[in-house]
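Asker: Let me see the structure of the following:
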Amino acid sequence: MTWRSVMISRPARLRREHYSLAIEQEQTALVPFEDIAVIVLNHREITLTHPVLSACGEYGIGLYATGSNHQPSGIFLPFLSHSRTTRMMRKQLNIARPTAKQAWANMVKRKIENQAACLRLCDKDGVGRMESYTRRVRSGDIDNIEGQAAAFYFAQLFGPSFYRADETRWTNAALNYGYAVLRGAIARGLVAHGLHPTIGLFHDSEQNAFNLADDLIEPFRPLVDLHVAKHPAMTEGDLIPEDKQALVALLNVDVGMPQGKMSTMSAIEYAIESLVRTYEADQTELDLPRLIGLEAHQLEY
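Answerer: Purely as a prediction, here's the structure:
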């Protein structure tokens, strides 16, 4: 299973050398393509060859580009790499509405559970109230418990003056960057499993190419929240390269899954596999992550 996240924040030339990505800077580093999950291009003076793009498609690598604000602005995904893409698209379009609504409720419930865990890990008040929200989530979350919980949660985590839409705050910039990385990793996994990211269970905007990714990201978001709350900036301002590297590295942080403790990147794969079973057999019990901390996954050899 792929596991490396490659972030490039200095001028570089990227080319393919046999089965590896060659990163030419003062020296040349080689990284096997089969080990790479995502590549983040975070500098304007990075050039890459067509064979690198072809390799990203061949190996299922998500390639992020950042904009002038250094936030991820686009992602290159493999093109219809799954052999049953058309069949899965039909199943996505024809899923029973009760099944979709219950699956969404499960995602919302786990998200709020993880938000409660985030408050607990940060020694913040409000854990009991967050846990009470989880018991009120019904099929389809028709009462918008998710929104009610979020309003209370962010005020507890970052203070009553915190305003999520304030783009000038470092905290929001960090949250947006971390969420974008997760969103791209999930979109990459959806495509690899034959699912179309545009067709969501709950999100259904005609202008959103990642509706399904925006569904599945919800229980993963508190991982970013926890990191940002635990590592606040000393001063307000733009994210520095170290901030971005740490946010990309969250893909390698351990979360709890029904199969055991594993990296976030692996958890995304298992969650998507359970989502496929939802479409295949009207299963509503999804394998979703539990927030357990910020410990990096240790590889075993």
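Asker: tell me what the longest helix seen in the chain is packed against?
Answerer: Ranked by residue count under DSSP state H, the longest helix found in the chain is helix 97-121. Helix 97-121 sits against helix 127-134, helix 145-158, helix 211-216, helix 221-230, helix 264-281, with contacts defined as 3 or more Cβ pairs under 8 Å, 6 or more residues apart in numbering; DSSP states H and E. Backbone N, C-alpha and C define where each C-beta goes, glycine included.
Asker: Deepest in the core, which of these is it.
Answerer: Most buried of those by mean neighbour count (mean count of other Cβ atoms under 10 Å) is helix 211-216; its value is a mean of 24.
Asker: Phi, psi for Val40 please.
Answerer: Main-chain torsions, Val40, degrees, to the nearest 10: phi -110, psi 120.
Asker: How about the contacts made by it?
Answerer: If you count contacts by Cβ atoms under 8 Å, 6 or more residues apart in numbering, Val40 has them with Ser5, Val6, Met7, Ile8, Tyr64, Thr66, Pro72, Val181, Lys244, Val248.
Asker: now this structure, which segments are flagged as low pLDDT?
Answerer: Filtered on pLDDT under 70, the chain yields the residue ranges 1-3, 69-72, 79-85, 234-235, 282, 299-301.
Asker: Okay, domains of it per the record?
Answerer: 4-76, 85-281 (automatic domain parsing).
Asker: Let me have those in TSV, extended by distance to Gln298.
Answerer: Shown next, in TSV, are the domains of the chain (distance: least, Cβ to Cβ, whole Å):
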stretch	distance to Gln298
domain 4-76	15
domain 85-281	8
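Asker: Tell me the secondary structure at Ala187.
Answerer: In three-state terms, and counting by DSSP: H, G, I helix; E, B strand; the rest coil, Ala187 is helix.
Asker: if we can go back for a sec, out of the helices and strands packed on helix 97-121, which comes closest to Gln92?
Answerer: helix 264-281 (6.0 Å; Cβ to Cβ).
Asker: That closest one: how far from the chain's middle?
Answerer: 14 Å (Cα atoms, centre = their mean, to the nearest Å).
Asker: Compute the inter-axis angle for it and helix 221-230.
Answerer: Angle, helix 264-281 to helix 221-230, by axes from the mean of the first three to the mean of the last three Cα atoms, to 10 degrees: 160 degrees.
Asker: just the CA coordinates of helix 264-281, formatted as PDB?
Answerer: C-alpha atoms of helix 264-281 as PDB (Å, rounded to 0.1, in the frame of the first residue of the first chain):
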ATOM      1  CA  THR A 264      -5.100   8.000   8.000                       C
ATOM      2  CA  MET A 265      -4.200   7.100   4.400                       C
ATOM      3  CA  SER A 266      -4.900   3.400   5.100                       C
ATOM      4  CA  ALA A 267      -8.100   4.300   6.900                       C
ATOM      5  CA  ILE A 268      -9.300   6.300   3.900                       C
ATOM      6  CA  GLU A 269      -8.800   3.100   1.800                       C
ATOM      7  CA  TYR A 270     -10.800   1.000   4.200                       C
ATOM      8  CA  ALA A 271     -13.600   3.600   4.500                       C
ATOM      9  CA  ILE A 272     -13.900   3.700   0.800                       C
ATOM     10  CA  GLU A 273     -14.000  -0.100   0.500                       C
ATOM     11  CA  SER A 274     -16.900   0.000   3.000                       C
ATOM     12  CA  LEU A 275     -18.600   2.700   0.900                       C
ATOM     13  CA  VAL A 276     -18.300   0.400  -2.100                       C
ATOM     14  CA  ARG A 277     -20.100  -2.300  -0.200                       C
ATOM     15  CA  THR A 278     -22.800   0.200   0.600                       C
ATOM     16  CA  TYR A 279     -23.500   0.700  -3.100                       C
ATOM     17  CA  GLU A 280     -23.100  -3.000  -3.900                       C
ATOM     18  CA  ALA A 281     -25.400  -4.400  -1.200                       C
END
